[in-house]
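> After the sequence you'll find the predicted model.
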Amino acid sequence: MNLGYIKAKIDLKLNDTILDFSERYPYWKELWSNYTEHYSEVQIQNWKEEEQTIQELEQISFLSRNEGLVKIHQVLLSEETRDYFQNHASINEKLKWFSMVFHDEEMIEGMEIHNYGEEVYFNQVTKEEAEPILEMFEQLKCAVEFIPDDTD
């Protein structure tokens with residue numbers, strides 16, 4: 001089985017444009033509706049000075065720790081927390097969280113969202129599994145590619 005990963009990137013020029021959240025992150029709703037169901041938890045990183053966001057995460061996380069300039073939270077994914085992440089993700093029309101890494105029941109990393117949502121990765125996917133994800137990002141005019149893992 002040939003595995004690889006998907007890398008999707010939104011247009012960086014959008015940072016200089018006034019857009020609402022759904023225009024800036026057109027993939028967000030579909031990502032939560034269709035691609036997070038098999039993950040059991042998410043690790044979120046924020047810069048320590050992002051106090052408002054950190055306070056919100058402390059209400060739903062089961063573990064919080066400081067690591068250098070970053071605050072890391074572990075959150076179990078339930079119907080309630082999924083709703084929070086899907087529908088309350090914006091602060092000043094941008095994604096609240098610097099980095100999100102999703103884990104399955106066996107703590108294997110899957111999907112990753114980095115740089116306040118500008119980059120999305122799907123790890124350890126087959127070319128067949130990648131097709132609908134690639135299509136979704138292409139339809140949303142995001143730069144996206146499947147990169148085979150040569151170490152298989």
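Arrived safely, thanks for sending.

> pLDDT wise, what is the most centrally placed residue in the chain at?
Central residue of the chain (C-alpha atoms, centre = their mean): residue 113, 3.0 Å from the mean position. Per-residue confidence (pLDDT) for residue 113: 97.

> just the strands in this structure please.
Along the chain, counting by DSSP state E, strands occupy 3-9, 41-47, 63-67, 70-76, 90-91, 94-95, 99-103, 109-114, 119-126, 143-148.

> Check which strands are paired with the fourth one and give the direction for each one.
If I follow you right, that is strand 70-76. According to DSSP bridges, strand 70-76 forms sheet pairs with strand 41-47 (antiparallel), strand 63-67 (antiparallel).

> so where's the chain shaky on pLDDT?
1, 12-17, 151-152 (pLDDT under 70).

> for the strands paired with strand 70-76, which one sits closest to residue 101?
Nearest of the strands paired with strand 70-76 to residue 101, taken as C-beta to C-beta: strand 41-47 at 4.6 Å. Every C-beta, even on glycine, is put in place using the N, C-alpha and C of the backbone.

> The longest helix seen in the chain: which residues count as buried?
For the chain, the helix that runs over the most residues, judged by DSSP state H, is helix 127-139. Neighbour counts over helix 127-139 (16 or more other C-beta atoms under 10 Å) mark 130, 133-134, 136-137 as buried.

> Counting by contacts, list what that helix packs against.
Judged by 3 or more C-beta pairs under 8 Å, 6 or more residues apart in numbering; DSSP states H and E, helix 127-139 is in contact with strand 3-9, strand 119-126, strand 143-148.

> Render the CA-only coordinates of the first one in CSV, please.
In CSV, the C-alpha atoms belonging to strand 3-9 read as follows (Å, rounded to 0.1, in the frame of the first residue of the first chain):
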residue,chain,number,x,y,z
LEU,A,3,1.0,6.0,1.4
GLY,A,4,1.6,9.6,1.2
TYR,A,5,0.4,12.9,2.5
ILE,A,6,-1.7,15.8,1.3
LYS,A,7,-0.6,19.4,1.6
ALA,A,8,-3.1,22.1,1.1
LYS,A,9,-2.4,25.8,1.4
